[in-house]
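[1] Sequence and predicted structure are below.
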Amino acid sequence: MVHLILVFTWHINGVVGSQVQEDAEEIAKRGYEVIVLYPWHHDIGSKRRNVLYQPVAISIKDNTNIVTSVISALGDFARVLSRLIHELYDPNQVKLIISYEWSGALLGFFAKEYLKRPMITSVNSVESMRTGEKSLLSLSVRGLEMRFLHASDLIVARTEEAIVRILNEYRIPSDRVRLSSSPARMAFIVEEVLRTFESANV
Amino acid sequence: MKVLMFSWEYPPRIIGGLARHVYWLSKALARRGVEVTVITLDYPETPRVEHERNLKIVRVSSYGYQSSDFASWVHQFNLNMIEAALEEDASIIHVHDWLTAIAGITLKHLLRRPLIATFHSTERGRRQGSIVEAMQSHIHAIEWWLAYESWRIIVCSNYMKYELRNSLGVPEDKIAVIPNGIHLVEVLHAVDVHQVRRRYAEDWEKLVLFVGRMVYEKGVHVLVDAALSLLSRSQDVKFVIVGEGPMRKELMDKAYRSGFGHKFYFTGFIEDLELYELYRSCDVAVFPSLYEPFGIVALEALMAGKPVIVSDVGGLSEIVINGVNGLKVPPGDVHALSSAIEYLIGNPEVMRAMGENGAKIAREVYSWDTIAEKTLNLYLQVLQEYENNPWKPKKSVK
């Protein structure tokens, strides 16, 4: 039986996009089938070494800010997820959800809730690292970031600074936070979470 | 049958007409054996979950974090609605307006259940056809998407059906016209009409009633002009104008400057009980709207047994049968409106007959039991189509 890992990300390029692709390919080397859901900007290639890059066509393009952009994409991600688990695979083949940054965590959280599977969230930076602003938009992003980091079963910080901020600003219990700066370490954490989840369900 | 219904307002949280609509519809459906769960927003000192036989109300947090604009806030409370809904079972998802569209569309795909949407109005209609600002474009786009994703769409009038066709490009065969309902209020039968009338008018004056927001599209300025025209010919009439809004002061000034100020009574906002008393006590009710998707106020007046004069526009045009339960006049036509009022108040027998006809039609066509029956039939039709559709999921989550 295929063991599926679903990846939710808002970024497929740049620093976070590179992490997504390198992590996915490293995890796939360990025998899992990885599907990366990302908003379609351009095709980045088809299936590569057990990694399926699945673009999501976005319906709402007239948005007022990043918060309305991400949340209004939720229905599109749900549509693609639904096709994957109900037509191409079986919902029970999904073993784990990995999300990247607050936006990916928001999109992945509802798959976690529906499928009742653990979710790991990878954090390269938190809002206070990206902007020093105290705008309503920034506060809104911080609110969402805190909510969905707390909703994650495990958080993987990708830098020392991120881990400090996650612990201090969002008060996430330290036993739910790991540090990883490499795809190999990320893959190790993924297998650790899967083992824990499976033994808890036995 | 289990229905998950989404609305951003539900009593005691009342913003506009949506709260009452969802309240009476959900109750009437539950009476017919449908298990209805309404997911709505919280309200102070109201329990998070309430049960009443087949009806369950779940109130989620309206989100305590900061939002940078209205749409951000709306979408964030949709996240809470989705989370709450995933704990419920559903055979049909029914959302009201764009405000809960994100929850409805997301759950449609996650659960693979048919989505039904009721459009009470559209952004283009609310903005008189003009979509200019980013927020308006966003809402318009969400409305288009909700229409696209819905298995069926409910609108309250043929006028709204054409608006959806023209504004959102919705195929007509996807739209069901089910009018808004009206609650039979017992208080109507216990009104001391003589006493109520004396609060507003002299015994010899006919009482003409307007109810609505004091905004341009309600045409209240047309009524004031028609009233002044009529008053220049005959003074045995009093105009009671109920409602608040930006045009109120301007129209009050106009009435008083004309020298007929004593023939107008601008009440401002009044409580439901007083409003029902006024419906019951007036001689004729006038609704001269320039834009009106449905026109629930006209229905309330008809239910109270009163003839109505309406502009021949939108839903009003469909509620009133000319010469049977009221009169129709061209929208914005001061002369026609003035003549119609003069004709009716000068013919008490015609008013009485129209009032009786109106009450009968309102009871038969617009009771919530009738509306719930039509809605239930639509649900059954959708479920039948769904059962034979390959989109239905084959495996459930363990």
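    Yep, it's here.
[2] Could you confirm B:I154 falls within a helix?
    No. Per DSSP: H, G, I helix; E, B strand; the rest coil, B:I154 lies outside any helix segment and is strand.
[3] Would you mind pulling the contact partners of the lowest-mean-pLDDT helix or strand in chain B?
    Of the helices and strands making up chain B, the lowest-confidence element is helix B:123-126, at a mean of 86, by mean pLDDT, DSSP states H and E. The contact list for helix B:123-126, computed with C-beta atoms under 8 Å, 6 or more residues apart in numbering or on different chains, reads B:W98, B:S130, B:I131, B:Q136, B:I139, B:H140, B:E143, B:E163, B:S167, B:Y291, B:P293. Glycine gets a C-beta too; all of them are placed from N, C-alpha and C.
[4] Dump it to CSV, restricted to CA.
    In CSV, the C-alpha atoms belonging to helix B:123-126 read as follows (Å, rounded to 0.1, in the frame of the first residue of the first chain):
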residue,chain,number,x,y,z
GLU,B,123,-22.5,43.1,-4.8
ARG,B,124,-23.3,44.6,-8.2
GLY,B,125,-26.9,45.1,-7.3
ARG,B,126,-26.0,46.6,-3.9
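[5] ok, back up a step: which of the contacts of helix B:123-126 count as buried?
    Neighbour counting by 16 or more other C-beta atoms under 10 Å in any protein chain shown classes B:W98, B:I131, B:Q136, B:I139, B:H140, B:E143, B:E163, B:S167, B:Y291, B:P293 among those as buried.
[6] returning to what we had before: of the contacts of helix B:123-126, just say which sits nearest to chain A.
    Set against chain A, the nearest of these by C-beta to the nearest C-beta is B:H140 (7.6 Å).
[7] Need the max-distance pair from the buried ones among the contacts of helix B:123-126.
    By the measure C-beta to C-beta, B:W98 and B:Y291 form the most distant pair in the buried ones among the contacts of helix B:123-126, at 18.3 Å.
[8] With adjacent residues omitted, what lies nearest to B:E205?
    Nearest residue to B:E205 in three dimensions, chain neighbours excluded: B:K238, at 4.4 Å (C-beta to C-beta, 6 or more residues apart in numbering or on different chains).
[9] Hmm, that neighbour is touching B:K206, no?
    Yes. B:K238 is within contact range of B:K206, at 7.1 Å (criterion: C-beta atoms under 8 Å).
[10] Tell me which of those two has more neighbours.
    B:K238 (23 against 20; other C-beta atoms under 10 Å in any protein chain shown).
[11] separation between the more buried one and chain A?
    48 Å (C-beta to the nearest C-beta, to the nearest Å).
[12] So for that residue, what's the pLDDT?
    At B:K238, the model reports a pLDDT of 97.
[13] now do the one 10 residues further on
    Note on B:R248: pLDDT of 94.
[14] Neighbours of it, how many?
    17.
[15] Kindly report the same for B:W8.
    24.
[16] Work out for me the element the residue of chain A found nearest chain B sits within.
    Relative to chain B, the nearest point of chain A is A:G143 (2.9 Å; C-beta to the nearest C-beta). Using DSSP states H and E, A:G143 maps to helix A:136-150.
[17] model confidence over that helix, on average?
    92.
[18] what residues does it touch?
    So helix A:136-150 is contacted by A:65-67, A:99, A:102, A:105-106, A:109, A:121, A:123, A:126-128, A:131, A:155, A:166, A:169-170, A:172, B:64-68, B:72, B:76 (C-beta under 8 Å, 6+ apart).
[19] Assign the residue nearest the centre of chain A to helix, strand or coil.
    Central residue of chain A (C-alpha atoms, centre = their mean): A:S99, 0.6 Å from the mean position. The three-state assignment at A:S99 reads strand, by three-state DSSP.
[20] That one - nearest residue in space that isn't next to it in sequence?
    Nearest one to A:S99, counting by C-beta to C-beta, 6+ apart, is A:G108 at 3.6 Å.
[21] now for the helix or strand where the one you found lies, which elements pack on it?
    Element membership for A:G108 (DSSP H and E) is helix A:101-115. Judged by 3 or more C-beta pairs under 8 Å, 6 or more residues apart in numbering or on different chains; DSSP states H and E, the packing partners of helix A:101-115 are strand A:4-8, helix A:66-72, helix A:74-83, strand A:94-100, strand A:119-123, helix A:136-150, helix B:70-85, helix B:101-111.
[22] could the ones you listed go into JSON lines alongside distance to B:K56?
    Shown next, in JSON lines, are the helices and strands packed on helix A:101-115 (distance: least, C-beta to C-beta, whole Å):
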{"stretch": "strand A:4-8", "distance to B:K56": "31"}
{"stretch": "helix A:66-72", "distance to B:K56": "26"}
{"stretch": "helix A:74-83", "distance to B:K56": "24"}
{"stretch": "strand A:94-100", "distance to B:K56": "29"}
{"stretch": "strand A:119-123", "distance to B:K56": "28"}
{"stretch": "helix A:136-150", "distance to B:K56": "25"}
{"stretch": "helix B:70-85", "distance to B:K56": "11"}
{"stretch": "helix B:101-111", "distance to B:K56": "16"}
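[23] And the ones you listed: which comes nearest B:G219?
    Here helix B:70-85 is closest among the helices and strands packed on helix A:101-115 (C-beta to C-beta), at 27.4 Å.
[24] chain center to the closest one: distance?
    24 Å (C-alpha atoms, centre = their mean, to the nearest Å).
[25] Then stretch A:91-106?
    Worked out by C-alpha atoms, centre = their mean, stretch A:91-106 lies 5 Å from the chain centre.
[26] Okay, buried residues for it please.
    Quick answer for stretch A:91-106 (16+ other C-beta under 10 Å): A:91, A:94-106.
[27] Show me which helix runs longest in chain A.
    helix A:183-201 (DSSP state H).
[28] For that one, which helices and strands make contact with it?
    helix A:14-29, strand A:94-100, strand A:119-123, strand A:154-157.
[29] And it, what's buried?
    A:P183, A:R185, A:M186, A:A187, A:I189, A:V190, A:V193, A:L194.
[30] Quick check: the fourth one vs B:H96, distance?
    What it means is A:A187. Separation of A:A187 from B:H96 (C-beta to C-beta, to the nearest Å) stands at 46 Å.
[31] Likewise for the first one?
    Taking C-beta to C-beta as the measure, A:P183 and B:H96 are separated by 46 Å.
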